[in-house]
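> With the input below, show me the fold.
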Amino acid sequence: MVITRTPFRVSFFGGGTDYPGWFHKHRGAVLACGIDKYCYITLRYLPPFFPHRYRIVYSKTESCASVSEIQHPAVRAVCQQFFPDRGVEIHHDGDLPARSGMGSSSSFAVGLINAAHALTGNMVSRMKLAREAIHLEQEVLGETVGCQDQVLASYGGLNYVRFEPSGEILVRPITISRERLRDFSSHLMLFFTGVIRTSSDVAKSYVPDIPKKEAQLASYVPMVEEASRILSSTGSLRPFGELLHRGWMVKRSLSAEVSSPEIDAWYETARKSGAVGGKLLGAGGGGFLLFFAEPSAQAAIRQSLGNLLEIPFELDPLGSQIIFFDRQNDYRMAESRRAERPVQDLRERSTVSLASAKPPCSV
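Numbering: from 1, shown residues only. Reported below is the predicted structural model:
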């Protein structure tokens, strides 16, 4: 059995330039971090005592006899690659809701691929893990997603990530003292709007028109550079918040679906209450609002947004991790026999022993 823990992410600058349609022609760059809110994946080989070969537990529960019956597209693709002939059980748990702008689908993909490699006896580098998740989401599933979420889920930390026209991805940790990082974190506030949407659907409203958005997206890369310099310096952090506001104004201009009157009202309320800047995380349309504010102003902001749920968070420094690994009994011989005998016959022959046994553990 394997359990992986993979962080969600907060993206500050550069979203949109991590789409292949942009960075294969221009250089892309993002400034983002992993946070201490996680996606957990539990994966184990399924013993051959059940009428199903695959069991997947997420917001739904699936029990399937073959890979082709699996409804969850990412799980189906991963099982087809890693476990086409051997049953597995997969459980998913998350600290934050899906479709909320925190990179949850990519954290799921990274965590599941990490677990699959571990269960089959392999260890992979962070970059290989990120690239396999990118391939899964973009090429296999055909999702309109960028490349930053998979990288941040794999690496964690506070990073400057550059996307080269050649396809090379460079990850550079921001060099910052512990005290400076603590000060920076104390300026960040995260609120859940309660609005759930699929980021891929929002992205489709502007990604196909990327050539027409060249001026807006080109302005992001200098913002990433400037924000990185602010964090690495010893001066005031306020310019970071001001830059965040400028970036949000640019992002809103990409598509009418990025924001909404309700989101705009929350944003302006927070600004009037003392927030220096902020943004809606992810592709837009809903999810989480991030604000940058002096600690002395945060009580007023919190009160002004009283109907929104605040989510305290810290940075995650580690990325996707194997937090539990235990070798299981080898049921491969039983699996081969199962192929020769009907499942019902196996269950009938096991009635006495299974009646006194504890049920299989589920998370």
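
> going forward, measure contacts and count neighbours with C-alpha atoms only.
Noted.

> And the strands in the stretch 1-150 of the chain?
Using DSSP state E, counting those that start in this stretch, the strands found in the stretch 1-150 of the chain span residues 2-13, 28-45, 54-57, 61-64, 88-94.

> most packed of the ones you listed?
Of all the strands of the stretch 1-150 of the chain, strand 2-13 has the most neighbours on average by mean count of other C-alpha atoms under 10 Å, namely a mean of 28.

> any idea how far it is from the chain center?
In terms of C-alpha atoms, centre = their mean, to the nearest Å, the centre of strand 2-13 is found 5 Å from the chain centre.

> Can you spell out which helices and strands pack onto that strand?
strand 28-45, helix 104-119, helix 148-155, helix 220-232, helix 238-252, strand 321-325 (3 or more C-alpha pairs under 8 Å, 6 or more residues apart in numbering; DSSP states H and E).

> who wins for proximity to residue 164 among the ones you listed?
Closest to residue 164 of those is strand 28-45 (C-alpha to C-alpha; 6.6 Å).

> Run the angle between that closest one and strand 88-94 for me.
Relative orientation of strand 28-45 versus strand 88-94 (axes from the mean of the first three to the mean of the last three C-alpha atoms, to 10 degrees): 130 degrees.

> is it possible to export the strands of the stretch 1-150 of the chain to CSV including mean pLDDT and distance to residue 225?
Output for the strands of the stretch 1-150 of the chain, formatted as CSV (pLDDT from 0 to 100; distance: least, C-alpha to C-alpha, whole Å):
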stretch, mean pLDDT, distance to residue 225
strand 2-13, 97, 9
strand 28-45, 98, 8
strand 54-57, 98, 42
strand 61-64, 97, 45
strand 88-94, 97, 32
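
> Give me the below-cutoff pLDDT ranges for the stretch 101-250 of the chain.
Low-confidence segments of the stretch 101-250 of the chain (pLDDT under 70): 197-211.

> rerun that using 90 as the cut-off
Where the stretch 101-250 of the chain drops to pLDDT under 90, the residues are 101, 144, 194-218.

> picking up where we left off before, how about the strands of the stretch 1-150 of the chain, which one is nearest residue 123?
strand 2-13 (12.5 Å).

> Give me the angle between that closest one and strand 321-325.
Going by the same axes, to 10 degrees, strand 2-13 makes 170 degrees with strand 321-325.

> quick one: strands adjacent to strand 2-13?
strand 28-45 (antiparallel), strand 321-325 (antiparallel) (DSSP bridges).

> now these in TSV, with distance to residue 65?
As requested, those are exported to TSV (distance: least, C-alpha to C-alpha, whole Å):
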stretch	distance to residue 65
strand 28-45	14
strand 321-325	26
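
> Would you mind saying which of these lies nearest residue 260?
Nearest to residue 260 among the strands paired with strand 2-13 is strand 28-45; the distance by C-alpha to C-alpha comes to 23.9 Å.

> residue ranges of the strands in the stretch 201-350 of the chain, please?
277-280, 288-292, 309-310, 321-325.
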